[in-house]
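**Student:** just to be clear, the model below is a prediction. Sequence and coordinates:
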Amino acid sequence: MVCHQGIVKYDCSSTEEIYNRFTNFSDHQYFKSQRFWSVFADSKGVIWAGSVSEIFRFSDNQWQSFKLPFPEEVKGEFITKGTTWSITEDSKGNIWFSTNGYGAYKYDGHSFTQYTTADGLTDDSVDNIMEDSNEDMWFGTRYGGVSRYDGDTFTNYSKTNSIGNNEVCVIYEDSERNVWFSSEGYGVYRYDLSLAEGAENLLTNYSQEQGLGVKAVQAIFEDREGRLWVGGGGGLYRYVNSALPVQESNFINVTRAGPWN
């Protein structure tokens, strides 16, 4: 993906020279001067791309506009209420789209369901959507913190009741069934799915006091060896000593020189 020049596909299976492995779907030809902010491949092999004000779908070797049922006409060239930062698929095959002002949309292959603050969502500017291993949906928002949706009701975690800051741009579940999410200026929070709602240690914060020198966390990822990595404004850090209490040595800084093991 290239934000303002269309979308680029890289064929890693090709035996051609490297410069022939790239296919550029130019902005001018396909996308009507749209800037892109997200790309997602679903279980059926369909590629979805979220732009400034609409969705595009790549199927049968061509791009087509895929309109979300916004309540009004969306205009703008950089960021709008219809900007899609996150696209994901749940375990039932539904495709979810975030928006920057209209909450989230679920597409079941035939129709749309919109979720907004009127339904219990904590904020209509959604940055990230993720389904956890309990099949609950999580929504990280720009101004309202985090919402967890169990299919019936929303449970919200915000500055007013549980976390430090309402801007949440990344959510991730690790192999031990911990949901991690950022909170601008407060590092990350860990939500233990194995604990009952209301448990004392349901949410655990890791910030500078625990060795995490990144306040603005933008990426969380677990590798094949079970190591959790956190990155953003302030560098790259790895989570260690997970079996020990929250302490200064929970995270270590990883630089170009390591440590990588």
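**Tutor:** That came through, no problem.

**Student:** hmm, who's touching stretch 252-260?
**Tutor:** 211, 213, 229, 235-238, 240 (C-beta atoms under 8 Å, 6 or more residues apart in numbering). Where you see a C-beta, it was placed from the backbone N, CA and C, and this is true even at glycine.

**Student:** and that stretch, end to end?
**Tutor:** By C-alpha to C-alpha, to the nearest Å, the extent of stretch 252-260 from end to end equals 10 Å.

**Student:** mind putting the contacts of stretch 252-260 in CSV, distance to Asp124 and neighbour count included?
**Tutor:** Output for the contacts of stretch 252-260, formatted as CSV (distance: C-beta to C-beta, whole Å; neighbours: other C-beta atoms under 10 Å):
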residue, distance to Asp124, neighbour count
Gly211, 35, 20
Gly213, 32, 17
Trp229, 31, 15
Gly235, 32, 13
Leu236, 32, 16
Tyr237, 32, 25
Arg238, 35, 18
Val240, 38, 15
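
**Student:** state the mean pLDDT of stretch 146-157.
**Tutor:** Mean pLDDT, stretch 146-157: 97.

**Student:** that stretch: end-to-end distance?
**Tutor:** Termini of stretch 146-157 sit 5 Å apart (C-alpha to C-alpha).

**Student:** return the set of buried residues in it.
**Tutor:** Within stretch 146-157, the residues scored as buried using 16 or more other C-beta atoms under 10 Å are 146-149, 154, 156-157.

**Student:** from those residues, which is closest to Thr99?
**Tutor:** Ser147 (14.1 Å; C-beta to C-beta).

**Student:** hang on, the earlier thing: can you lay out the buried residues of stretch 146-157 as CSV showing secondary structure and distance to Asp60?
**Tutor:** Below are these laid out as CSV (DSSP: H, G, I helix; E, B strand; the rest coil; distance: C-beta to C-beta, whole Å):
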residue, secondary structure, distance to Asp60
Val146, strand, 37
Ser147, strand, 35
Arg148, strand, 36
Tyr149, strand, 33
Phe154, strand, 37
Asn156, strand, 41
Tyr157, strand, 42
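
**Student:** identify the residues contacting the least confident helix or strand in the chain by mean pLDDT?
**Tutor:** Ranked by mean pLDDT, DSSP states H and E, the weakest helix or strand in the chain is strand 22-26, scoring a mean of 74. Contacting residues not belonging to strand 22-26 are listed as 5-11, 31, 58, 63 [C-beta under 8 Å, 6+ apart].

**Student:** other SSEs contacting the next helix or strand after that strand?
**Tutor:** For strand 22-26, the succeeding helix or strand toward the C-terminus, using DSSP states H and E, is strand 36-41. Helices and strands touching strand 36-41, by 3 or more C-beta pairs under 8 Å, 6 or more residues apart in numbering; DSSP states H and E, are strand 6-10, strand 47-51, strand 87-89.
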